[in-house]
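# Sequence plus the predicted model coming up.
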Amino acid sequence: MARQENKSVADVALQTGNLARTESTTRSKMLARMRLGDKSFHHITRAAAIIVLVIFGGVMFSLVFGSIPAIKTFGFDFLTTQSWNPVTEKFGALAPIYGTIVTSFIAMLIAVPVGLLIAMFITELCPMFLRRPIGIAIELLAGIPSIIYGIWGLFVLAPFLQATLQPFLIGAFGNIPILSSIFEGPPYGIGVLTASLILAIMVLPFITSISCDVFEAVPPVLKEAAYGVGCTTWEVVRYVVLPYTRVGVIGGVMLGLGRALGETMAVTFVIGNAHKISASLIAPGTTISATIANEFTEAVGKVYTSSLIALGLILFVITFIVLACARLMLARMDRRSGA
Amino acid sequence: MSLYARRRRRNILAKGLAFAGTAFGLGWLALILGVLFYEGVSGLSLAVFTEMTPPPGSAGGLLNAIVGSLIMTVLAVLIGTPIGILAGTYLAEYGRHDRLSTIVRFINDILLSAPSIVIGLFIYEVMVAPMGHFSGWAGAVALAVIVIPVVVRTTEDMLNLVPNALREAAASIGMPRSIAIRNISYRAARAGMITGVLLAVARISGETAPLLFTALNNQFWSANLHAPMPSLPVVIFQFALSPYKDWQNLAWTGALIITMSVLVLSITARALAAKSRSS
């Protein structure tokens, strides 16, 4: 009788047909089978978790392995020379590295203040009924593929800049000693400045949505107390919200920076793919990812392919450092708001 | 009084900037979507879905590219989802606090936002170079590598939301852990986990960089996974940079199709997530 009761409890609990068929099996056999199933499921899930590590290790290893010929041929000079000549097989990564850093830097210069202002608007100023729609819209925009931004940049933004902003900048700063070299040359439309603008528009939703998240983590009591002693909205944001969320905001910004550094399609369309470092922001340039995207399938010869893979390795290492910092900072923020 | 006036002025200035910044930021994004619709809708016709990509200078459609994208996306999800769900299960259930999970979580977050072109290089090195030719399989695997971190992350987050009381109740009636996970945790977190898969599909449906040198492209109808395979993003890339007006128009239409599918996917995912949270 007791045994029958046990069985029916197991039936209800398991709700699986095959384990309920216990008329002929003994209780111990069934338990052994459960233990085996439990153990194997444990091991399968752990194997899957390890696959994630294997993928990461595989990416690292294959990039290092693939770039060995380039490292052997050029050594450390690869990082410090800017010649990129497929005919003589002389390659240096300086121009793409420079382009990657400059475009990302300008993009962040624009996107960070604007993103923070939008986050301030959404969390402090926006009427309640608008808050959710705007928040959702920004999150949806963060999901739009970068190729869309790229095609828009190529067909709309570049011609527009060529006709308006670039001639204006050339004219306005043409006679001022240092600025004239920053805005030197004919207005092509495509170039470093255009790529930076596209990147800025692209990372804006990321930075905004992360900033909103961390701004909302500020305990309402803190803000209410500040408002209570008569602080203005700006003072609350500047002296309460920002200091409290500083680590999280920096983490979010670095996450955006990681996106900007590795972004390929939005940049490739409008950067111009010119392997030279020029002081002018309106001149064509290149970035690491744009170089790889443009040239990899056409690369002939071991050294050429290997140089492009070495570029990929450099990009991976840079973004790894930036993203690792970002994650550590966001984790610190989480711990604090959890405590 | 002057201090008061100054504070007020500064506040008004900051508020004004916040309004202006929001208008500026949302304005750009609205402009992009507006142009996309304007340019894309004009090219939208039945031919887009029934004809092959044309040779330069003539009209045609995007059928082979759409089919290629669908095949590779489905394969990528079939490969990536089981691995992602199992790994997420380990992080949330078996190894919630152990050392391995901490490392996997960290690496997974890095992979989540790693440059996708690097994933392309990786798959080129391990699949395309040894096999000696570009292939649809390579493209699908490259996309699967992007799917995995997204699914791992959402699965873990959703399983963490399952109340521990449910797990304890299952343990108290003698249920083995694996059965408790499959029959209780998964059931409670199902909507959220589906959301994760949908988000992953949305993510890969516009990915171009990892396909450029894995699946390459193909101008003709191809369901052969061992040969180069066309895909919508790569066709857009190639057509947009071409000097031919017909190709450029098709690129706009393709861009509209991708954007619409991504938006539909992410809205569905959000609706599902909201529903599961409220229930």
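Happy to help now that I have it.

# Chain neighbours aside, what residue packs nearest to the residue nearest the centre of chain A?
Centroid-nearest residue in chain A: A:Arg259, 2.3 Å away (criterion: CA atoms, centre = their mean). Of all residues not flanking A:Arg259 in the chain, A:Val203 sits nearest, at 5.4 Å (CB to CB, 6 or more residues apart in numbering or on different chains). Glycine gets a C-beta too; all of them are placed from N, C-alpha and C.

# Please name every helix or strand in contact with the host helix or strand of that neighbour.
Here A:Val203 sits within helix A:192-216, counting by DSSP states H and E. Under the contact criterion of 3 or more CB pairs under 8 Å, 6 or more residues apart in numbering or on different chains; DSSP states H and E, helix A:192-216 touches helix A:94-120, helix A:128-142, helix A:146-152, helix A:158-163, helix A:242-262, helix A:265-268, helix B:2-43.

# What angle do helix A:242-262 and it make with each other?
Relative orientation of helix A:192-216 versus helix A:242-262 (axes from the mean of the first three to the mean of the last three CA atoms, to 10 degrees): 140 degrees.

# Make sure B:Ala227 is actually in contact with B:Ser135.
Yes - in this structure B:Ala227 lies within contact range of B:Ser135 using CB atoms under 8 Å: 6.3 Å.

# Those two: who's more crowded?
Neighbours per residue (other CB atoms under 10 Å in any protein chain shown) separate B:Ala227 from B:Ser135, with B:Ser135 holding more: 21 against 16.

# Show me what the mean pLDDT comes to for the helix or strand harbouring B:Ala269.
For B:Ala269, the host element (DSSP H and E) is helix B:245-278. Mean pLDDT, computed over helix B:245-278, is 86.

# how far does it sit from the chain's center?
10 Å (CA atoms, centre = their mean, to the nearest Å).

# from what I can see the residue nearest to A:Arg259 touches A:Ala107, true?
Yes - using CB under 8 Å, A:Val203 makes contact with A:Ala107 at a distance of 6.1 Å.

# between these two, what contacts are shared?
By CB atoms under 8 Å, 6 or more residues apart in numbering or on different chains, A:Val203 and A:Ala107 have these common neighbours: A:Ala260.

# residues in contact with the residue nearest to the centre of chain A?
A:Met202, A:Val203, A:Phe206, B:Ser113.

# separation between it and A:Ser289?
Separation of A:Arg259 from A:Ser289 (CB to CB, to the nearest Å): 11 Å.

# same thing with B:Ile146?
15 Å.

# Output stretch A:252-264 as CSV, nothing but the C-alphas.
Output of stretch A:252-264 as CSV, limited to C-alpha atoms (Å, rounded to 0.1, in the frame of the first residue of the first chain):
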residue,chain,number,x,y,z
GLY,A,252,27.8,51.9,-20.5
VAL,A,253,29.9,54.4,-22.4
MET,A,254,32.7,51.8,-22.8
LEU,A,255,30.2,49.3,-24.0
GLY,A,256,29.2,51.8,-26.6
LEU,A,257,32.8,52.4,-27.4
GLY,A,258,33.3,48.6,-27.9
ARG,A,259,30.5,48.6,-30.4
ALA,A,260,31.9,51.7,-32.2
LEU,A,261,35.5,50.2,-32.4
GLY,A,262,34.3,46.9,-34.0
GLU,A,263,31.5,48.3,-36.1
THR,A,264,32.0,47.2,-39.7
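
# Tell me how far it lies from the chain's centre.
So, by CA atoms, centre = their mean, the centroid of stretch A:252-264 is 4 Å from its chain's centroid.

# Also stretch A:27-43?
On CA atoms, centre = their mean, the centre of stretch A:27-43 falls 43 Å from the chain's centre.

# Can you pull the domain assignment for chain B?
Domain assignment of chain B by automatic domain parsing yields the ranges B:2-41, B:47-278.

# Quick one: mean pLDDT for the shortest one?
When pLDDT is averaged over domain B:2-41, the result is 89.

# again, but for stretch B:222-233
The model assigns stretch B:222-233 a mean pLDDT of 84.

# can you check stretch A:42-55 too?
Across stretch A:42-55, the average pLDDT comes to 94.

# okay, it in CSV with CA atoms only?
Once non-C-alpha atoms are left out, stretch A:42-55 reads as follows in CSV (Å, rounded to 0.1, in the frame of the first residue of the first chain):
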residue,chain,number,x,y,z
HIS,A,42,24.5,18.0,-15.4
HIS,A,43,27.5,17.1,-17.6
ILE,A,44,25.8,18.0,-20.8
THR,A,45,24.9,21.5,-19.5
ARG,A,46,28.5,21.9,-18.2
ALA,A,47,29.9,20.8,-21.6
ALA,A,48,27.7,23.5,-23.3
ALA,A,49,29.0,26.1,-20.9
ILE,A,50,32.5,25.0,-21.7
ILE,A,51,31.7,25.3,-25.4
VAL,A,52,31.3,29.1,-24.8
LEU,A,53,34.9,29.2,-23.5
VAL,A,54,36.1,27.0,-26.4
ILE,A,55,34.6,29.4,-28.9
